[in-house]
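Student: using only what follows, build the 3D model:
(one chain, ligands or ions: 3)
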Amino acid sequence: MNAYKNIAVRAAERAGNFVAKAFANRDRIIAQSKGPNDFVSNIDEQAEQIIIDTIKHSYPDHAILAEESGQHGDSDTVWVIDPIDGTTNFLMGIPHFAISIAVRQKGKTLAAVIYDPIKDEVFSASNGGGAQLNNTRIRVSDKKKLDNSVLATGFPFRSNQDLGEYLRYFETIFPLCIDMRRAGAASLDLAYVAAGRLDGFWEFGLSEWDTAAGILIVKEAGGFVGDIKGSPFQEKSKSILAANPGVFKHFMKSVKDL
Ligand code: IPD
Ligand code: CA
Ligand code: CA
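Tutor: Numbers count the residues shown, from 1 in each chain. Ligands and ions are numbered 1, 2, ... in the order given. The predicted structure follows:
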């Protein structure tokens, strides 16, 4: 398991260094639209290739599920990759994005890394091995309720998303907490919950590559993860709530009648 984590960290750092260099020379970035409000750049694609090459060098038979190039191969062991989580921030010159990699075997996540190349922060976890930030153990915060808590969220910016439903949840939760952040990189939102920098995070409509690594890191840091309707989180869940245990329970109780 630690061997997987070591390779995941190596791949994330290689890609992260490449992405950070590109961020410093933004005139070389070529962006295209993938759909309404959804962008990809040459840097996302090249970073993804760096990650895939690093993994394939050590594990040529493993499968890959990567945001930009899709599924490669078929195996019980799948590496789930988001080469730049926070592409809109990256393109706008906002220094808040990350590389996210999870290793899954028969559906169970064994190792995970989220690397912020601007702050040089490596958030990582292995199943049963706890969660770390740059090799120091991290834990979720210990707030017992939403009062005094700071949460993060992501807005439903895609045209097929139900803004009305999102706003009903927002209207219910926002008055109960201190404040809400929308920083633009779901993987880092999850990593920050794990590190106790945020008390919870919720969003609708994320994909596996946005959340696979962050979920393991939050759980290994003592947090709870579910979907926003109170069901256990599954790969294809349409919403996510990740929080420390107290905030998670209070959030669920507060939205149960929506
Ligand atoms: C996006 C970011 C953002 C979230 C979006 C994701 P991308 O990932 O995580 O915070 O709100 O739903 O798609 O497209 O930058 O990899
Ligand atoms: Ca993403
Ligand atoms: Ca991405």
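Student: and Gly226, how far is that from Glu203?
Tutor: For Gly226, the distance to Glu203 (CB to CB, to the nearest Å) stands at 13 Å. For the C-beta atoms, the positions are set from N, CA and C on the backbone; glycine is no exception.
Student: overlap in contacts of these two?
Tutor: Ile240 (CB atoms under 8 Å, 6 or more residues apart in numbering).
Student: could you report the neighbour count for the closest residue to ligand 3 within the stretch 151-258 of the chain?
Tutor: Relative to ligand 3, the nearest point of the stretch 151-258 of the chain is Trp209 (6.9 Å; CB to the ion). By other CB atoms under 10 Å, 22 other residues sit near Trp209.
Student: was I right about it contacting Ser100?
Tutor: Yes: at 6.6 Å, Trp209 counts as touching Ser100 under the criterion of CB atoms under 8 Å.
Student: between the two, which contacts overlap?
Tutor: Between them, Trp209 and Ser100 share the contacting residues Ile81, Asp82, Asp85, judged by CB under 8 Å, 6+ apart.
Student: next, the second one: secondary structure please.
Tutor: So the one you mean is Asp82. strand (DSSP: H, G, I helix; E, B strand; the rest coil).
Student: near ligand 1, which residues of the stretch 151-258 of the chain show up?
Tutor: Gly154, Gly184, Ala185, Ala186, Glu203, Leu206, Asp210 (CB under 6 Å from any ligand atom).
Student: any low-confidence regions in the stretch 1-150 of the chain?
Tutor: The model of the stretch 1-150 of the chain has pLDDT under 70 over residues 1.
Student: from it, which residue is nearest to ligand 2?
Tutor: Counting by CB to the ion, the stretch 1-150 of the chain gets nearest to ligand 2 through Asp85 (3.8 Å).
Student: ditto for the stretch 101-250 of the chain
Tutor: For the stretch 101-250 of the chain, CB to the ion, closest residue to ligand 2: Asp210, 4.1 Å.
Student: show the subsequent helix or strand relative to the strand or helix carrying that residue.
Tutor: According to DSSP states H and E, Asp210 maps onto helix 208-220. Going down the chain from helix 208-220, the next helix or strand is strand 224-226, by DSSP H and E.
Student: so what does that next one touch, helix or strand wise?
Tutor: The contact analysis (3 or more CB pairs under 8 Å, 6 or more residues apart in numbering; DSSP states H and E) places strand 224-226 against helix 208-220, strand 239-243, helix 245-255.
Student: could those go into JSON lines alongside mean pLDDT?
Tutor: Converted to JSON lines, these look like this (pLDDT from 0 to 100):
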{"stretch": "helix 208-220", "mean pLDDT": "98"}
{"stretch": "strand 239-243", "mean pLDDT": "97"}
{"stretch": "helix 245-255", "mean pLDDT": "97"}
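Student: can you redo these as TSV with distance to Gly230?
Tutor: Shown next, in TSV, are the helices and strands packed on strand 224-226 (distance: least, CB to CB, whole Å):
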stretch	distance to Gly230
helix 208-220	16
strand 239-243	9
helix 245-255	5
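Student: follow-up on the earlier one: for the residue of the stretch 151-258 of the chain closest to ligand 3, which non-adjacent residue is closest in space?
Tutor: Asp82 (3.9 Å; CB to CB, 6 or more residues apart in numbering).
Student: contact partners of the helix holding Asp210?
Tutor: 65-67, 80-82, 85, 100-102, 104, 109, 111-114, 123-131, 140, 186-187, 189-191, 193-194, 224-225, 233, 235-236, 240, 242.
Student: give me the angle between that helix and strand 239-243.
Tutor: If you take axes from the mean of the first three to the mean of the last three CA atoms, to 10 degrees, helix 208-220 sits at 30 degrees to strand 239-243.
Student: kindly format the C-alpha coordinates of helix 208-220 as PDB.
Tutor: The C-alpha trace of helix 208-220 is given here as PDB (Å, rounded to 0.1, in the frame of the first residue of the first chain):
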ATOM      1  CA  GLU A 208     -14.900  10.300  -9.300                       C
ATOM      2  CA  TRP A 209     -11.500  12.000 -10.100                       C
ATOM      3  CA  ASP A 210     -12.500  15.100  -8.100                       C
ATOM      4  CA  THR A 211     -13.300  13.100  -4.900                       C
ATOM      5  CA  ALA A 212     -11.600   9.700  -5.000                       C
ATOM      6  CA  ALA A 213      -8.300  10.800  -3.200                       C
ATOM      7  CA  GLY A 214      -9.900  13.300  -0.900                       C
ATOM      8  CA  ILE A 215     -12.500  10.800   0.500                       C
ATOM      9  CA  LEU A 216      -9.700   8.500   1.700                       C
ATOM     10  CA  ILE A 217      -7.700  11.400   3.100                       C
ATOM     11  CA  VAL A 218     -10.800  12.700   5.000                       C
ATOM     12  CA  LYS A 219     -11.700   9.300   6.400                       C
ATOM     13  CA  GLU A 220      -8.200   8.500   7.500                       C
END
